[in-house]
Structure formats: C-alpha cells, structure tokens
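Here's my sequence, what's the structure:
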Amino acid sequence: MFYFLAILCGAILAVMIQWNGDLSAQVGAYHAALYIHIVGAVFAAFVLCTRTRKGNMQRTSLWMYLGGAIGVLTTLFNNFAFSRISLTSIVALGLFAQLVFSYFIDTFGWFGMERRREKLSICGTLLSVAGIALMLENPAAGGWGSVLISLGAGITVVLSRIVNAHLSQRIGALQGSLVNHLVGLPFCLLLAIGVGVNESSAAVPFMAGDFRLWIWCGGMLGVTTVAMTNVIVPKIPAYQLSLFLFCGQLFCGMLLDVFGGGALNKREFGAGILVAAGIAVSQVSKICRERKEKEEI
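As a prediction, this is how the structure comes out:
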C-alpha cells in the first residue's frame with residue numbers, strides 16, 4: 001500500500017511542478033515560491049480547522065521545525081543550476097544524490113531513522129543507475145560547481161523529507177505540512193524582496209484571458225505531498241521511497257507533456273523504463289530472499 005502511495009505522491013509532484021512552473025513563468029521563480037507557500041499555508045490551516053483531531057505540540061526539538069527552510073534551500077540550488085545545465089541533468093543528478101544519501105541513512109540509521117540493513121540487488125541497482133545515466137546531458141559543460149549544487153539539491157530533498165516526517169510523528173501529518181509551509185514562508189519572502197526584484201523582466205506578463213486559476217493551486221498540492229510523505233517515510237526504506245517517487249513523477253510528467261500537445265521524450269521514457277525495471281528486479285529479489293530465509297528457519 002505504501003509503495004502505491006509513493007508512486008501516487010510522485011505523480012502529484014509532477015502535476016505540482018508543472019503548475020508551479022507555469023506560475024514561475026508569469027511572476028518569476030522567487031515570487032512564485034512566496035505565493036505557493038502562502039496558498040499552501042492557508043490551505044493546510046483551512047483543512048485543519050475542519051478537523052477535530054489536534055496534534056501534540058510538546059516534546060519536539062527545534063531542528064524538527066527546519067524542514068521548510070531546507071525545502072527553500074532545495075529551490076535555491078535548483079534555480080541556480082537551472083541556468084547552467086539541462087533540466088534532465090538536474091533531475092538525474094538530484095535523484096542520484098537522493099539514492100546514495102538514502103542508502104547511507106538506511107544502513108546507519110542517521111537522523112533518528114530506523115536502521116534497515118537490506119541487501120541491494122546488484123542487477124536492480126545497476127538498471128536504476130543506468131536509467132539515471134541515460135538522463136545526463138553533458139552536465140560538466142555548465143561547470144562542476146553546478147553538478148555539485150544539483151547533488152546538494154538531492155541531499156536537501158531527503159533531509160527535508162526526514163525532518164518533516166519526524167515532526168509529523170509528534171504533531172500529525174497535516175500539522176507537519178502546515179509548519180513546513182509556515183517556516184518556509186519568511187525565507188521565500190526575503191528571497192522575493194532581495195533577489196526577486198531583478199527577475200520581473202524575465203517573467204511573462206499576464207495577458208487578457210490568460211488567468212489560469214489552477215496554476216495558483218500548487219501550494220495545495222504541496223501540502224498534500226508533504227502530508228503523504230510524512231506518513232510514508234517511516235514505513236519504507238528511504239532508498240526505495242526515492243525510486244518510487246521518481247517513477248511516479250517521471251511517467252506522470254511525460255503523460256502531461258503528451259496530453260498537453262508536446263512530444264514524448266524518448267530519452268526520459270527509456271530512463272524511466274530502466275529505473276522501473278530496476279525497482280521491479282530489486283523487489284522480486286527481496287521477495288525471493290525473504291522466502292528463502294523463512295524456509296531456512
């Protein structure tokens with residue numbers, strides 16, 4: 001069930017990214033981030049007002065409230081790298097960093113996570129890595145600094161996910177999502193004021209009849225995905241979560257492109273097939289290994 005939720009969460013992420021991208025094209029990346037956090041915070045607060053269940057705000061450490069700030073850092077990293085290397089390379093490098101970092105978290109139990117010393121399927125891992133490599137488009141052309149920053153973006157994604165999950169276990173998944181957006185809000189405001197003043201020239205101005213309500217709803221999807229990952233993170237290994245999220249996001253993104261009148265990106269489709277095949281092989285290998293261990297007992 002949780003693996004299906006991870007794929008669904010990845011699909012919702014793809015829709016959110018498209019809506020947020022359309023909004024960024026009209027108002028600028030940093031102003032869009034500010035509006036997204038405002039909409040997300042208002043939406044989460046509204047939903048919480050309709051619920052009777054209250055979270056327990058006690059016994060929480062200060063670092064558990066930093067998920068929103070780390071998420072803004074991810075946005076900064078991606079925005080910086082976007083102007084220097086291709087989007088597919090950013091996605092590939094970010095996923096690679098997520099997988100490596102997640103593996104160490106699972107193996108050593110970093111950041112208070114459950115230690116899961118599971119044997120990785122060599123064949124499945126190689127297939128997934130091959131899919132990631134297929135997406136790379138000469139990232140060194142933009143400078144190795146951009147490569148490192150993209151890798152850093154992948155690490156901060158995992159960190160934000162874990163910090164938010166720890167907080168949600170104490171105050172509730174939806175409450176944790178609200179805190180995530182409220183904490184990120186002042187950082188986005190500072191960026192919009194300090195950096196975003198120079199991005200207005202790159203934004204596409206609103207035209208008559210060009211107003212699309214749904215592109216302002218990315219914050220709602222953000223609340224949904226954060227709340228979902230808050231529930232999923234403690235249930236499955238971080239390594240597998242990153243892969244399942246990626247598959248849901250990639251294939252849903254390609255469907256959105258096709259239905260939107262665009263062409264199917266064969267390279268991304270091939271990469272997705274390889275990563276999905278890697279997941280399938282790893283899961284089958286895991287099931288066979290568990291059955292063998294039970295028979296030996």
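
can we go C-alpha only for contacts and neighbour counts from here?
Will do.

what residues are up against Val39?
216-220 (C-alpha atoms under 8 Å, 6 or more residues apart in numbering).

what's Asn265 sitting at in phi/psi?
phi -80, psi 110 (degrees, to the nearest 10).

In space, what's closest to it - neighbours in sequence excluded?
Leaving aside its sequence neighbours, Asn265 sits nearest to Met254 (C-alpha to C-alpha, 6 or more residues apart in numbering; 7.4 Å).

Packing partners of the helix or strand hosting that neighbour?
Here Met254 sits within helix 238-259, counting by DSSP states H and E. Counting contacts by 3 or more C-alpha pairs under 8 Å, 6 or more residues apart in numbering; DSSP states H and E, helix 238-259 packs against helix 2-27, helix 87-108, helix 266-296.

picking up where we left off before, now render the contacts of Val39 as a markdown table, adding pLDDT.
Below are these laid out as a markdown table (pLDDT from 0 to 100):
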| residue | pLDDT |
| --- | --- |
| Trp216 | 89 |
| Cys217 | 89 |
| Gly218 | 87 |
| Gly219 | 89 |
| Met220 | 92 |
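
Please report how far the nearest residue to Trp110 once chain neighbours are set aside lies from Leu34.
In space, and not counting its chain neighbours, Trp110 is closest to Phe104: 7.6 Å by C-alpha to C-alpha, 6+ apart. To Leu34, Phe104 is 33 Å away according to C-alpha to C-alpha, to the nearest Å.

Quick check on these two: which one has the bigger neighbour count.
More crowded of Phe104 and Leu34, by other C-alpha atoms under 10 Å: Leu34, with 22 against 16.

residues contacting that one?
By C-alpha under 8 Å, 6+ apart, the neighbours of Leu34 are 185, 188-189, 192.

Helix or strand: which one has it?
Going by DSSP H and E, Leu34 is in helix 29-49.

Could you grab the helix/strand/coil label for Lys235?
coil (DSSP: H, G, I helix; E, B strand; the rest coil).

Is the residue nearest to Asn265 in contact with Arg267, as I believe?
No - Met254 lies out of contact with Arg267 (C-alpha atoms under 8 Å); the separation is 11.0 Å.

which parts of stretch 258-271 are buried?
Buried residues in stretch 258-271, counted by 16 or more other C-alpha atoms under 10 Å: 268-269, 271.

Also stretch 213-225?
215-225.

Just the ones of these in helices?
Under the assignment DSSP state H, the buried residues of stretch 213-225 contribute 218-225 to helices.
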